[in-house]
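Undergrad: Okay, predicted coordinates and the sequence, questions at the end:
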Amino acid sequence: MIDNLEFERIAASLPFLKDADSELLREFKRTAFLARIPSGKDVFLEGDPVEAIALMISGMVRVYKIGETGREITLYRFSNGSSCILSANAILSQKTFPAVATVEQDAEVVMIPAEVFRNWVRQYDHWRDFVFGLLSQRLAAVMAIVDEVAFHRLDRRVAGFLLQKGRLQNPLHITHQEIASELGSSREVISRLLEDFVNEGSIRSGRGTLEVLDFELLESRSVV
């Protein structure tokens, strides 16, 4: 159960609640509950039943697939004001979770039990619009990943990844394995490509760090 003080704080992170009708709000306060999940915790493993969906108040969760060879690829991340569409889909289809979801930054979440989630989708237009809005956004993101993996050369994807991250923080505190996991490749392949970038002078590599030295050169390598 969510009390009024907690609800005010939650509503600041979940704007859709501000326009919800009074009946949905009463149901939300009565059936939802808060939970805190520490960094490094697996929320779901592939094949787990999904008994509730989490709406993020703070923190970050990474959702990814692991292939038969052990390689990983990030599908998406979700944070404040969002949720996991694979959880939503699993609840609606009454199937198990098809990937892995791991907390990257300590998370505070609002949990909605699965049966309540399904009932709200049937009963409340506002909730249904929120859920399908999330599905639409994430589907576009996942399709973009499929397009990159299937049709873009890996060196261009690595260059684009370094550009995106380097513009936010430079140097980057990231390992070759972490880049491989993001892009669905192997550490050995990523290391070879990064060595090429070092040799051409676009980046500098250190232990657990990468520094972009020439953004223009790196951008030229990312162009399709």
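TA: Received, thanks. Numbering: from 1, shown residues only.

Undergrad: drop to CA atoms for contacts and neighbour counts, all remaining ones
TA: Will do.

Undergrad: what distance separates the helix or strand bottoming out on mean pLDDT in the chain from the centre of its chain?
TA: Ranked by mean pLDDT, DSSP states H and E, the weakest helix or strand in the chain is helix 125-151, scoring a mean of 80. Centre-to-centre, helix 125-151 and its host chain are 12 Å apart (Cα atoms, centre = their mean, to the nearest Å).

Undergrad: tell me what that helix is packed against?
TA: For helix 125-151, the elements it packs on are strand 72-78, helix 85-93, helix 114-123, judged by 3 or more Cα pairs under 8 Å, 6 or more residues apart in numbering; DSSP states H and E.

Undergrad: In CSV, list the ones you listed along with distance to Leu14.
TA: Shown next, in CSV, are the helices and strands packed on helix 125-151 (distance: least, Cα to Cα, whole Å):
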stretch, distance to Leu14
strand 72-78, 13
helix 85-93, 16
helix 114-123, 16
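
Undergrad: Give the buried residues for the least confident helix or strand of the chain.
TA: Under the neighbour-count criterion of 16 or more other Cα atoms under 10 Å, helix 125-151 has His126, Trp127, Arg128, Val131, Leu134, Leu135, Arg138, Ile145, Val149 buried.

Undergrad: right, and out of these, which lies closest to Gly81?
TA: Nearest to Gly81 among those: Leu134, at 10.3 Å, using Cα to Cα.

Undergrad: Would you mind measuring from the nearest residue to Ile37 once chain neighbours are set aside to Gln169?
TA: Nearest in space to Ile37, with sequence neighbours left out and distances taken as Cα to Cα, 6 or more residues apart in numbering, is Ala107 at 5.1 Å. Using Cα to Cα, to the nearest Å, we find Ala107 at a distance of 22 Å from Gln169.

Undergrad: any chance you could map the strands in the protein?
TA: Assigned by DSSP state E, the strands in the chain fall at 33-37, 42-44, 52-66, 72-78, 100-113, 172-173, 203-206, 209-212.

Undergrad: Would you reformat the ones you listed as a markdown table and include distance to Val121 and mean pLDDT?
TA: Formatted as a markdown table, these follow (distance: least, Cα to Cα, whole Å; pLDDT from 0 to 100):
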| stretch | distance to Val121 | mean pLDDT |
| --- | --- | --- |
| strand 33-37 | 18 | 95 |
| strand 42-44 | 22 | 95 |
| strand 52-66 | 13 | 93 |
| strand 72-78 | 21 | 87 |
| strand 100-113 | 12 | 95 |
| strand 172-173 | 41 | 92 |
| strand 203-206 | 49 | 89 |
| strand 209-212 | 45 | 92 |
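
Undergrad: Noted, bye for now.
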